[in-house]
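**Student:** Attaching a predicted model along with its sequence, questions to come.
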Amino acid sequence: MAAIQTLTDDTFSETVGAAETPILVDFWAEWCGPCKQIAPILEELAVEQDGRLSIGKLNVDENLKVAQEFSVMSIPTLILFKGGEAVARLVGAKPKGALLQELSAYL
Amino acid sequence: MTERRKLAIVGSGPAGLTAAIYSARAQLDPVVIEGEPSSTSDQPGGQLMLTTEVENYPGFTDAIMGPDLMGAMRAQAARFGADLRVAKVTRVDLSASPFSLWLGDHDEPDLVSDAVILASGARAVPLSVPGEDRLLGYGLSTCATCDGFFFRGQEIAVVGGGDSALEEALFLTRFATKVTVVHRRDELRASRIMQTRAFDHDKIEFRWNTVVTEILGEDRLTGLAVRDTVTGEDSTMALGGVFVAVGHEPNTSLVKGQLDLDEGGYVRTTTGTATSVDGVFAAGDVQDHIYRQAVTSAGSGCMAAIDAERWLEHRGH
């Protein structure tokens, strides 16, 4: 399934560790305008890249533990995990093309 | 395939969207090239997407959130049939009519349009000091509303002395233990009401006559290197976070060399919103370095739509 998974402080490690494909985690919050702009792009990517990439969302307002663990200080921050390890980090909203280009090396 | 339109609007802040509302209601079938997602003010919706409460936009007794206001303007433009597109104009050719607009780097223009309204706005100016690129997103931020949350319980600084700087400083007091406003002069250019609020706030301090010479930190910001412009003395400030709001410059690189610009790079307009090229109109911050308000931008967007409509009518389009 190509749905975006909602991650929390409690489920983060397990979900990211068990992911069969690379998983891109979107650190976001309700009050962040640029986060809202990339939300539809991530939904598209979840469908288009199904099988190659999965996508998770972590609300930093409700899950500060994971956000702090990865020193997230600016949102949106997107971190790509492969085999449970963070392999790439993108800070700030970007157009879809630029996002895909930066991710392509890891997929 | 090149698309033919009567009116293309570049930008989707208050100026672009108001122009879209008016021109869509006037049956001009406008296409609006909104911009692309980013974490700077150069994004669909423009500078208001990075603000919180807008208290001075008429009609909202209890203030409205910047992104909500822009969402409402966009929905209103869509309701009248404006063709809104999340894309960025990469090149324009205003030397021949109809005007050409490119949305990518191919040879053929994506759009040709009889009239163009340029409402590409302005963007925050970077400090242009060492450390800035490296630490952006790692303790250095251009968006207080996005990132203020992460600086809970820390000391932070806001660099700048205008309304935006004080608005950010006041907003950041919700999270920070102390906010220092670092300003290169000994007085602020911010409005009286913002100055009073900032001076009265017990978490806000001012560091006058001070310029930033470097942003410090390896993989995470640790402070600022600053210089006192009166004594010439160099010092450092230990900080958890830094927000930059030192001013704006117009987004006119697209039209440089094609439209008359003033010394500051803003588009020169005459008789309403007309530019130096017949059929090209400019509205909002791209042509205004004096007022720069949501309501004045919206007002000039309305003017540009009416000017474009009359111009098209006169030309028999």
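**Tutor:** Thanks, I have it.
**Student:** could you list every residue that touches residue 14?
**Tutor:** Unless you meant another one, I'm taking chain A. Counting by C-beta atoms under 8 Å, 6 or more residues apart in numbering or on different chains, residue A:14 touches no other residue. C-beta here means a position set from N, CA and C on the backbone, and glycine is covered the same way.
**Student:** ah, no, chain B please
**Tutor:** Going by C-beta under 8 Å, 6+ apart, residue B:14 touches B:46, B:48, B:69-70, B:73, B:284, B:294-295, B:297-298, B:301.
**Student:** I'd like those laid out as a markdown table, including pLDDT and secondary structure.
**Tutor:** Below are the contacts of residue B:14 laid out as a markdown table (pLDDT from 0 to 100; DSSP: H, G, I helix; E, B strand; the rest coil):
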| residue | pLDDT | secondary structure |
| --- | --- | --- |
| B:46 | 93 | helix |
| B:48 | 90 | helix |
| B:69 | 96 | helix |
| B:70 | 95 | helix |
| B:73 | 98 | helix |
| B:284 | 98 | helix |
| B:294 | 95 | helix |
| B:295 | 97 | helix |
| B:297 | 97 | helix |
| B:298 | 98 | helix |
| B:301 | 98 | helix |
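**Student:** Just the buried ones among those residues, please.
**Tutor:** Buried by 16 or more other C-beta atoms under 10 Å in any protein chain shown: B:46, B:48, B:69-70, B:73, B:284, B:294, B:297-298, B:301, out of the contacts of residue B:14.
**Student:** Could you provide these in a markdown table, with additional columns for distance to chain A?
**Tutor:** Below are those laid out as a markdown table (distance: C-beta to the nearest C-beta, whole Å):
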| residue | distance to chain A |
| --- | --- |
| B:46 | 11 |
| B:48 | 9 |
| B:69 | 11 |
| B:70 | 9 |
| B:73 | 14 |
| B:284 | 18 |
| B:294 | 15 |
| B:297 | 17 |
| B:298 | 19 |
| B:301 | 20 |
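**Student:** Closest one to residue B:254 out of those residues, please.
**Tutor:** For the buried ones among the contacts of residue B:14, the closest approach to residue B:254 (C-beta to C-beta) belongs to residue B:284, at 14.3 Å.
**Student:** what residues does chain A put near chain B?
**Tutor:** Within chain A, the positions near chain B by C-beta under 8 Å from any C-beta of the partner chain are A:29, A:31-38, A:41, A:60-61, A:67, A:71-77, A:91-95.
**Student:** Now list the buried members of those residues.
**Tutor:** With neighbours counted by 16+ other C-beta under 10 Å, these contain buried members at A:29, A:31-38, A:41, A:60, A:67, A:72-77, A:91-95.
**Student:** So which of those residues are in strands?
**Tutor:** Using DSSP state E, A:77, A:91 are the members of these that sit in strands.
**Student:** host element of residue B:74?
**Tutor:** Assignment of secondary structure by DSSP states H and E places residue B:74 within helix B:66-79.
**Student:** Can you give me the buried ones in that helix?
**Tutor:** For helix B:66-79, burial by neighbour count (16+ other C-beta under 10 Å) applies to B:66-67, B:69-71, B:73-74, B:76-78.
**Student:** Packing partners of it?
**Tutor:** Judged by 3 or more C-beta pairs under 8 Å, 6 or more residues apart in numbering or on different chains; DSSP states H and E, helix B:66-79 is in contact with helix A:33-48, helix B:14-25, strand B:53-54, strand B:83-85.
**Student:** who does the third one pair up with?
**Tutor:** In the sheet, strand B:53-54 lines up against strand B:64-65 (antiparallel) (DSSP bridges).
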